[in-house]
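> Next come a sequence and a model predicted from it.
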Amino acid sequence: MKMTFRWYGKDDPVKLQYIRQVPAVKGIVSALYYVPVGEAWPKEGIASLKREIEDNGLEFTVIESIPVHEDIKLGRSTRDGYIENYIQSIQNMGGLGIPYLCYNFMPVFDWTRSDLQMKHEDGSTSLSYDHQQLENVDLRKDDFSLPGWATSYSKDELDSLLDAYEEVDSETLWENLEYFLKAVVPVAEKSGVKMAIHPDDPPWPIFGLPRIITDEKALDRLTSIVDSPSNGLTFCTGSLGPNGDMNIVETIRKFSRLGKVHFVHTRNIKRTGTHSFYESRHPTEFGDVDMYGVVKALVETGFAGAIRPDHGRMIWGETGRPGYGLYDRALGAMYVYGLWEACEKCNPL
Ligand code: DNO
């Protein structure tokens, strides 16, 4: 197992020098944030990011993410060009020895929350999702801006994407994912890159847009599209956790045993109703995810991929990118590392 930490590059207030001081963290998860979605990532750009990470005593372990252009998800005739660019990016990262690529296939919006600063009794804040607040929202209205997405799309861009997705139901989205994977996975395999799809967060359709990577059945279907070690999963406990019907521990055990889990996001959530939850402190007792069970399942199945503590709360007066402060993620890394060491020593393989 390699403990990693997400770093948003030079503009991240959480510096590589601080990350390096978190015990157990050896690898960095990052991306080229300046490349427009759909363009190929230049090899020199990836190489210079890698050098910067290595100059700070860390390793560039995961690219999270190379975004998939909406034309690919929509199955538009222009998709082949974007897929070519994607392939180029994969070859470039593989050529530099970066082993894991996390990506997602969520239409229009990546992770979605209704509140980025829910206040807790102890004075900390965290991200939360209340389905009732978003259920009746019509995104075409002028006066609504989704937390975290305010500046991503102009009104016209968003409207035209929403129109385009009216023709794409979940089955069509699966077909488009299949088309994409059949083109890119063989190249990833040749390039030594393990692709790891991130589940949809939250794991149900939002704003009338389909979402498909939501449960165990979906993970079965995904992994069977192309049978390759390069077609695997980012198992995000906090994204799948809100799906109360899933047995997270048994699901991660199953896919890890199959060698399909390449990257794990450890995050805990507390369900507050059907389709509602907040992001809790990492340890098991504070949320609905059995974090001990998750780590034990990984240890027992010989997991050798990358793990990163996911979204933390804002604590100790820290301000910054919601979910991505230093302090609580560092606590999360140490908690998971502690569980790992204990499980390994109590259950030697
Ligand atoms: C949220 C992240 C996601 C993730 C993408 C991967 O904080 O876990 O944004 O990076 O879904 O493509």
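Now that the structure is in, tell me what you want to look at. Numbers count the residues shown, from 1 in each chain.
> And the helices in the stretch 1-150 of the chain, which stretches?
Using DSSP state H, counting those that start in this stretch, the helices of the stretch 1-150 of the chain run over 16-19, 43-55, 70-74, 79-95, 131-135.
> Within its local environment, how many residues does the nearest residue to residue 16 once chain neighbours are set aside see?
Closest residue to residue 16 apart from its sequence neighbours, by Cβ to Cβ, 6 or more residues apart in numbering: residue 56 at 4.0 Å. In this view, the C-beta of every residue, glycine as well, is placed from N, C-alpha and C. Burial of residue 56 is recorded as 15 neighbouring residues (other Cβ atoms under 10 Å).
> And residue 74, by the same measure?
Residue 74, neighbours per other Cβ under 10 Å, totals 18.
> next one: the one 3 residues further on
Summarising burial for residue 77: neighbours were counted as other Cβ under 10 Å, giving 7.
> Check it and give its pLDDT.
Per-residue pLDDT puts residue 77 at 95.
> what separates it from residue 83, distance-wise?
Remark: distance between residue 77 and residue 83 (Cβ to Cβ, to the nearest Å) = 12 Å.
> can you check residue 340 too?
Counting by Cβ to Cβ, the gap from residue 340 to residue 83 is 37 Å.
> Could you pull up the residues touching residue 130?
114, 115, 272, 273, 276 (Cβ atoms under 8 Å, 6 or more residues apart in numbering).
> at 10 Å instead, please
113, 114, 115, 118, 272, 273, 275, 276, 277, 278 (Cβ atoms under 10 Å, 6 or more residues apart in numbering).
> Would you mind listing what in the stretch 1-150 of the chain touches the ligand?
Proximity of the stretch 1-150 of the chain to the ligand, by Cβ under 6 Å from any ligand atom, involves residues 64, 65, 102, 103, 104, 110, 111.
> ok, 8 Å please
6, 64, 65, 67, 102, 103, 104, 106, 110, 111 (Cβ under 8 Å from any ligand atom).
> Mind giving me the PyMOL select for the residues you listed, buried ones only?
Applying 16 or more other Cβ atoms under 10 Å to these leaves a buried subset, and the PyMOL line that selects it is:
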select buried, resi 6+64+65+102+103+104+106+111
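> what two of the residues of the stretch 1-150 of the chain next to the ligand have the greatest distance between them?
6 and 106 (17.9 Å; Cβ to Cβ).
> returning to what we had before: dump the helices of the stretch 1-150 of the chain to TSV, plus distance to residue 188.
What follows is those, written out as TSV (distance: least, Cβ to Cβ, whole Å):
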stretch	distance to residue 188
helix 16-19	27
helix 43-55	15
helix 70-74	15
helix 79-95	5
helix 131-135	34
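> Okay, now the unreliable bits of this protein?
142-151, 348-349 (pLDDT under 70).
> most centrally placed residue in it?
residue 198 (4.6 Å; Cα atoms, centre = their mean).
> correct me, but that residue touches residue 239?
Yes - under the criterion of Cβ atoms under 10 Å, residue 198 is in contact with residue 239, at a separation of 7.0 Å.
> Common neighbours of the two, please.
What both residue 198 and residue 239 touch, as defined by Cβ under 10 Å, 6+ apart, is the set 104, 111, 213, 265.
> just curious, which of those is nearest to the ligand?
For the shared contacts of residue 198 and residue 239, the closest approach to the ligand (Cβ to the nearest ligand atom) belongs to residue 104, at 3.5 Å.
> returning to that earlier point: tell me which entries of the residues of the stretch 1-150 of the chain next to the ligand lie within strands.
Among these, DSSP state E puts 6, 64, 102, 103 in strands.
> Let me see the contact set for the last one.
This means residue 103. Contacts of residue 103 by Cβ under 10 Å, 6+ apart are 63-68, 86, 90, 180, 184, 195-198, 234.
> which helices and strands does the lengthiest helix in the chain pack with?
If you go by DSSP state H, the chain has its longest helix at helix 170-191. Packed against helix 170-191, as judged by 3 or more Cβ pairs under 10 Å, 6 or more residues apart in numbering; DSSP states H and E, are the following elements: helix 70-74, helix 79-95, strand 100-103, strand 194-197, helix 216-225, strand 231-236.
> Lovely, talk soon.
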